[in-house]
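Peer 1: show me how the following folds:
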Amino acid sequence: MHVKSYFANTVEDAMAMARQELGPDAMLVNSRRSSLETRHLGAYEVVFVTEMAGDAQDSPTTAPGQKRTPSDRLGQQMAELKKELEGMRRSITRQSLAPAWRDSNPQGADAFGLLTANEVSPELAREMIQGAESRIAKAAPSKLRTMQPADKAGFHDALVEEVESRCKVQPVLGRGEARPRIVALVGPPGCGKTTTLVKLAVTYGLAARRPVMLLSVDTYRVAAAEQLRSYSAILGVGFQLVETVAALAQTIEEHRGKELIFLDTPGLATAEAAHYSTLAQFLSTREDIDTQMVVSSSMKSADLSRVVDSFEVFRPQRLIFTKLDETGSFGPILNEAVRTGKPLSFLATGQRIPEDLEAAASGRVAGLILGGTSGLAISAA
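Peer 2: Reported below is the predicted structural model:
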């Protein structure tokens, strides 16, 4: 594969130059304004990729006599390049941290690379590796320094224990002995609050034969209340749309005979704080309401922290992570659990109701981080 940049004052001129030199099979992969260092060459830089000699051979998976198209070849080459770059990133990470663990435990750098590749914060990763070393040293002081490849299972087990010890879980609904159990779900738009609420209602209400009531104060989205109303009709449970906080307090009192009351709230962005101050004050001051925050596990750590902090006015007691099926990096879940000190209650892995919901378990989180869908794992042999 051959990559080349062309500079010109217009993108069209740069493309014409590339086509003339590289031929019609050359593919455009990027176009951008030139940097300050290259602006004298032209206002725009256009990047093209084409094959080098030997690249046009048939793929092992191509049928005999069938030629691969340029897009097929480029797709495979880009996938291979991405894989190589990821390997290089992990290798560089291991090398940069190797001195810290080289004398005491050569597996520390590998573990650090694994954890940070799964987006565990570097500080937390370092703390957990040191904690795992301490566990091994307490059990067998001489073992850590003389650890052999066959002993990797022992270090892996110690690291799992370290992750589990830092991840608090409370897969419960309601606060203490208060009855009925009232659960309010809060969170940003698109995090899956309504679907998660219905999953909880089916699993812990209908399946256990407990009377359930669904309430919604989401008057911001036109279709939000209708979606929950449709679910309630299908499930055969009560539903009521409440438009004010005063009406919400009265409605809760009217349904004290239910065992479970679920409250769906609007999906609000951080900039909309002024719109939910009244609701936030109500939920944060009611000692009988269990407010849980729903967030997507596919969010970047920095964005996740910002969103969680913005909803702190609701005083959520626990965290629910959704969309585990949409990411291969689960470190942000642990980062946020440790940073906030809030326990995890439930994990959602898809849209199916109620199958794609599970009670949070520290062992499950450790398994995701140390051997998630990315295929990364510390080998036990």
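Peer 1: only C-alpha atoms for contact and neighbour calcs from this point on.
Peer 2: Noted.
Peer 1: the residue lying closest to Val212 once chain neighbours are set aside pairs with what?
Peer 2: Nearest residue to Val212, sequence neighbours excluded (Cα to Cα, 6 or more residues apart in numbering): Leu260, at 4.9 Å. Assessed by DSSP bridges, Leu260 has beta-bridge partners Arg181, Val212.
Peer 1: can I assume Leu260 is in contact with Ala184?
Peer 2: No - using Cα atoms under 8 Å, Leu260 is not in contact with Ala184, being 10.9 Å away.
Peer 1: hang on, the earlier thing: ok, now how distant is the residue nearest to Val212 from Gln351?
Peer 2: 22 Å (Cα to Cα, to the nearest Å).
Peer 1: these two: who's more crowded?
Peer 2: Higher neighbour count among Leu260 and Gln351: Leu260, with 24 against 16, using other Cα atoms under 10 Å.
Peer 1: so what's the more buried one scoring on pLDDT?
Peer 2: What the model reports for Leu260 is a pLDDT of 92.
Peer 1: same check on Ala117?
Peer 2: 83.
Peer 1: ok so Gly205 is a helix residue?
Peer 2: Yes - applying DSSP: H, G, I helix; E, B strand; the rest coil, one finds Gly205 inside a helix.
Peer 1: can you list the strands that the helix or strand containing Val47 pairs with?
Peer 2: Per DSSP states H and E, Val47 falls inside strand 44-50. Here strand 44-50 has these sheet partners by DSSP bridges: strand 2-8 (antiparallel), strand 27-33 (antiparallel).
Peer 1: show me what the next helix or strand after the first one is packed against.
Peer 2: Note on strand 2-8: by DSSP H and E, the next helix or strand toward the C-terminus is helix 11-22. On a contact count with 3 or more Cα pairs under 8 Å, 6 or more residues apart in numbering; DSSP states H and E, helix 11-22 meets strand 2-8, strand 44-50.
Peer 1: and Lys342, which of the ones you listed is closest to it?
Peer 2: strand 44-50 (47.1 Å; Cα to Cα).
Peer 1: okay, the closest one in CSV with CA atoms only?
Peer 2: The C-alpha coordinates for strand 44-50 follow below in CSV (Å, rounded to 0.1, in the frame of the first residue of the first chain):
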residue,chain,number,x,y,z
TYR,A,44,-5.3,22.1,0.7
GLU,A,45,-3.7,18.6,1.3
VAL,A,46,-5.4,15.6,-0.3
VAL,A,47,-4.2,12.1,0.7
PHE,A,48,-4.5,9.2,-1.7
VAL,A,49,-3.7,5.6,-1.3
THR,A,50,-2.8,3.1,-4.0
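Peer 1: just give me how far it sits from the chain centre.
Peer 2: 33 Å (Cα atoms, centre = their mean, to the nearest Å).
Peer 1: got the angle between that strand and helix 11-22?
Peer 2: 30 degrees (axes from the mean of the first three to the mean of the last three Cα atoms, to 10 degrees).
Peer 1: in strand 44-50, which residues are buried?
Peer 2: For strand 44-50, burial by neighbour count (16 or more other Cα atoms under 10 Å) applies to 44-50.
Peer 1: element containing the nearest residue to Arg315 once chain neighbours are set aside?
Peer 2: Distances taken as Cα to Cα, 6+ apart put Ser284 closest to Arg315, at 5.3 Å, once the chain neighbours are dropped. Element membership for Ser284, per DSSP H and E: helix 277-285.
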